[in-house]
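Novice: please find the sequence and the predicted model below.
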Amino acid sequence: MLVLAALALVLGGAPQALARPQERGGQNGPRLKGPGPHRGEWLRKNQNLPPAEQEKALQNDPAFKQLPPEKQQQLLNRLRNFNSLPPEQRQRILDRMETFEHLPQGQRQQLRDLYGQMQNLPQDRRIAVRQAARRLSGMDPAERERVLNSPHFQQRFSPQEQDLVRGLAQFEPAQR
């Protein structure tokens, strides 16, 4: 099931998918903790396979076979979408998963909440917020504060969007 959780995380981009099913508790079972494979491990392990072989490997996974057909199709579509991205973007997604894996639980929840709020924004505003957070993450703290407090930034983003950019910038890996 971990394979599917990692795949859902990377391919879905949805904050709800950030928790492994066995860690969520509730109807999915008890909360389990401890060492285990990192998120994205399945994709890292299979990233050099041709897309058709990746799909075959996923379809042969016992946990995948237990999912309802619509969920299986959704995961296959997400895998296809992931494979259609440029290599740099795929690597950035895998890097983010690795970064997320090492955050303390409180920061993970904070990041989930931020992405949950972003889902309420129109697509064009989500893109603008993500881009601003990415740019700010590469700045030193003083420069970042100067930009965040500038009239241009405050005119370009609503107060809610400003909070999102500020929050996301602290988690966004600096651009290479």
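Specialist: In hand now; what should we look at?
Novice: shaky segments in this protein?
Specialist: 1-39, 173-176 (pLDDT under 70).
Novice: quick one: furthest residue from the center of the chain?
Specialist: Most distant from the centre of the chain: Pro151, at 30.5 Å, with distances by CA atoms, centre = their mean.
Novice: pull up the gap between that residue and Phe157, please.
Specialist: Distance of Pro151 to Phe157, computed by CB to CB, to the nearest Å: 12 Å. Every C-beta, even on glycine, is put in place using the N, C-alpha and C of the backbone.
Novice: for this protein, just list every one of the helices.
Specialist: In the chain, the segments counted as helices under DSSP state H are 2-12, 21-24, 41-46, 51-59, 62-65, 69-84, 87-101, 105-118, 123-137, 141-148, 151-156, 159-169.
Novice: buried residues of the longest one, list them for me.
Specialist: Read it as helix 69-84. Gln72, Leu75, Leu76, Arg78, Leu79, Phe82, Asn83 (16 or more other CB atoms under 10 Å).
Novice: and it, C-alpha only, in PDB?
Specialist: Output in PDB follows, covering the C-alpha atoms of helix 69-84 (Å, rounded to 0.1, in the frame of the first residue of the first chain):
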ATOM      1  CA  PRO A  69     -11.400   0.500 -10.900                       C
ATOM      2  CA  GLU A  70     -11.900   4.200 -10.900                       C
ATOM      3  CA  LYS A  71      -9.100   4.700  -8.400                       C
ATOM      4  CA  GLN A  72      -6.800   2.500 -10.500                       C
ATOM      5  CA  GLN A  73      -7.600   4.600 -13.500                       C
ATOM      6  CA  GLN A  74      -6.900   7.800 -11.500                       C
ATOM      7  CA  LEU A  75      -3.500   6.500 -10.400                       C
ATOM      8  CA  LEU A  76      -2.600   5.400 -14.000                       C
ATOM      9  CA  ASN A  77      -3.600   8.900 -15.300                       C
ATOM     10  CA  ARG A  78      -1.400  10.500 -12.600                       C
ATOM     11  CA  LEU A  79       1.500   8.300 -13.500                       C
ATOM     12  CA  ARG A  80       1.000   9.200 -17.200                       C
ATOM     13  CA  ASN A  81       0.900  12.900 -16.200                       C
ATOM     14  CA  PHE A  82       4.000  12.600 -14.100                       C
ATOM     15  CA  ASN A  83       5.800  10.900 -17.000                       C
ATOM     16  CA  SER A  84       4.800  13.700 -19.400                       C
END
